[in-house]
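> Compute the structure for the input listed below.
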Amino acid sequence: MKFDLQATCAGTSARAGRITTDHGDILTPIFMPVGTCGTVKGVHFSELRHQVKAQIILGNTYHLYLRPGMGVIEAAGGLHKFNGWERPILTDSGGFQVFSLAENRKLTEEGAHFRSHIDGSRHLFTPEKVVDIQRSIGSDIMMALDECPPGTSERGYARRSLDLTKRWLERGWKHYRATSPRYGHSQSLFPIVQGCTYPDLRREAADHAASLGADGYAIGGLAVGEPAEVMYSMIEVVNDILPADRPRYLMGVGTPVNILEAIDRGVDMMDCVMPTRNGRNGMLFTPEGTMNMRNAKWANDFSPLWPDSPCEVDRVYTKAYVRHLFAADEILGLMIASVHNLAFYLWLVGEARNHIIAGDFPQWKKTMVEKLQRRL
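Below is the predicted model:
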C-alpha cells in the first residue's frame, strides 16, 4: 500500500491524499461504508459503485468469522470474490464486537475469550489468530487486535488496558511480518492507538504504534461515551505524533459534523454505521440539515429529496413519496434512505477534499457545520 500526500490547507491540519492498493486507489479524506457481514445493509453493490460512489468498504472480522466462517470464504477465494466487491476492503480486528456483543467475555494475556452471540459457542481471539482470520478474508487493510475501553474509564483501567493492547500489538505485528497474503494481493496491518481520554496515554500509544513503521494507523476508542470536544482534543494529540506520510483512520466516527472536525484535525479515513442505521429510522442528512421522513410535514412535499445531489436516487424520489414509504413500513423506504445518506457522506468528504486543495477549507467548513446542525 502507498500513500501520497497531495495537498494541505493553511490554518488547519486538513490534508488531501491518495491511497494506492492492489484493488484500486482511494482519494482522501474518505468515508467508508460499513459492510459488517460482507454487505452494506440494504444497499446493492451497483448502487455503492454508481450512486454512492464508494471507493472502499468495511467488513467485520468477528461477524465473518462466526458466519459464514473462514472455510466458506477461503473456498470462495477471499471476501472480494465471495461478495463480488472488486474495490478495496478494510476489516477491523473484531475486538470491539467481542467487547460489545459477546457474552461472558474475558480478557487474558493470551487474548479475548468470548461466547458467540449467535449460538453461545466459545471462541478465543489472540493477536495472531486475528491476523490469520484477516489473511483468510483477504482484506486490503487489516487491524491489529486491541481492547477498546469505555470513554469514561478511570485512569487505572485505561493504563492496564493500554499496556495489554501494546503487548497484543507487538505479537500481532510479529505474526503479520511472519505470514503472507493468501490471494495474490498485498495486505497492510494498521496498529490501533488507544489510551482513552488521557493525553499522556494517547501520546505513549501513538509513539509505540509509530515505531513499527506501518503503512497506516488507526485511532480507536473514541466516540464511546466521552464529550465531543474531548474526542477532538485526543485526535489532535495523536495526530501530532503519527507520521504525516501515512494515512490516519479514525474508527467509528461519526456525525457529519464529527467528520468535518476530524478532517480539520488531520484525519484521512472514517467509518460509521450512522448513515445506514439512521436512514433506516427515517433520518436523512442533507447539505442544509437533517430531515425526519416520518414527519407529517413532508406528506405533500413533492420536491426531490436533494435536487442537486450527484446521486440519481435523490433526484428521482420525492420527500412525499419517501415519507409515504416509511409510513407504510415499505422496505424500499429504508433502502432509499440508506443510499441517500451514504451518497451524502461521500459527497461531504469529496467536497472537503476539493476545498482543501482549493485552500479555503476552514471557511467552507464553518458554513457547513452551521447548516449541518439544523433540523429541517
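> Next up, phi/psi of residue 304, please.
With angles defined as degrees, to the nearest 10, residue 304 sits at phi -60, psi 160.
> do residue 197 as well
Dihedral pair for residue 197: phi -110, psi 20, per degrees, to the nearest 10.
> For it, give me the pLDDT.
We note a pLDDT of 96 for residue 197 in this prediction.
> ok, it touching residue 228?
No: between residue 197 and residue 228 there is no contact under Cβ atoms under 8 Å: 11.9 Å. Quick note: C-beta positions are derived from backbone N, CA and C, even for glycine.
> Of those two, which one has the most company?
With neighbours defined as other Cβ atoms under 10 Å, residue 197 and residue 228 compare such that residue 197 has more, 24 against 15.
> ok, the more buried one - contacts?
Residue 197 sits next to 151, 153, 158, 226, 230, 234 when contact means Cβ atoms under 8 Å, 6 or more residues apart in numbering.
> try 10 Å
Neighbouring residues of residue 197 by Cβ atoms under 10 Å, 6 or more residues apart in numbering: 149-153, 155, 158, 221-222, 224-227, 230-231, 233-234, 237.
> Please tell me how far it sits from residue 308.
Residue 197 sits 39 Å away from residue 308, going by Cβ to Cβ, to the nearest Å.
> same thing with residue 314?
9 Å.
> Those two - which one has more neighbours?
A direct count of neighbours by other Cβ under 10 Å for residue 314 and residue 308 places residue 314 higher, at 23 against 9.
> That one against residue 291, yeah?
No: with contact defined as Cβ atoms under 10 Å, residue 314 does not reach residue 291; the gap is 11.7 Å.
> what's the overlap in contacts for those two?
Counting by Cβ under 10 Å, 6+ apart, the common neighbours of residue 314 and residue 291 are 284, 305-306, 322, 340.
> can those go into JSON lines with extra columns for neighbour count?
Output for the shared contacts of residue 314 and residue 291, formatted as JSON lines (neighbours: other Cβ atoms under 10 Å):
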{"residue": "284", "neighbour count": "25"}
{"residue": "305", "neighbour count": "26"}
{"residue": "306", "neighbour count": "23"}
{"residue": "322", "neighbour count": "25"}
{"residue": "340", "neighbour count": "27"}
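> ok, for residue 242, nearest residue in space, not its chain neighbours?
Spatial nearest neighbour of residue 242, chain neighbours left out: residue 217 (5.0 Å); criterion: Cβ to Cβ, 6 or more residues apart in numbering.
> give me the beta-bridge partners of the one you found?
Residue 217 has these beta-bridge partners by DSSP bridges: residue 248.
> Give me the neighbour count for it.
By other Cβ under 10 Å, neighbour count at residue 217 equals 23.
> Quick check: residue 221 touching residue 161?
Yes: with contact defined as Cβ under 10 Å, residue 221 counts as touching residue 161 (8.7 Å).
> that older thread, give me the common contacts of residue 314 and residue 308.
Residues touching both residue 314 and residue 308 by Cβ under 10 Å, 6+ apart: residue 347.
> check contacts around the residue nearest the centre of the chain.
Closest residue to the average C-alpha location of the chain: residue 271 at 2.0 Å, with Cα atoms, centre = their mean. Each residue near residue 271 by Cβ under 10 Å, 6+ apart is listed here: 30-35, 56-58, 90, 92, 249-254, 345.
> Enumerate every residue touching the nearest residue to it once chain neighbours are set aside.
Among residues not flanking residue 271 along the chain, residue 32 sits closest, at 4.3 Å (Cβ to Cβ, 6+ apart). When contacts are counted by Cβ under 10 Å, 6+ apart, residue 32 touches 26, 40, 54-58, 88-90, 141, 249, 269-272, 345-346, 349.
> Check residue 312 too.
Under the criterion of Cβ under 10 Å, 6+ apart, the neighbours of residue 312 are 47, 50-51, 339, 343.
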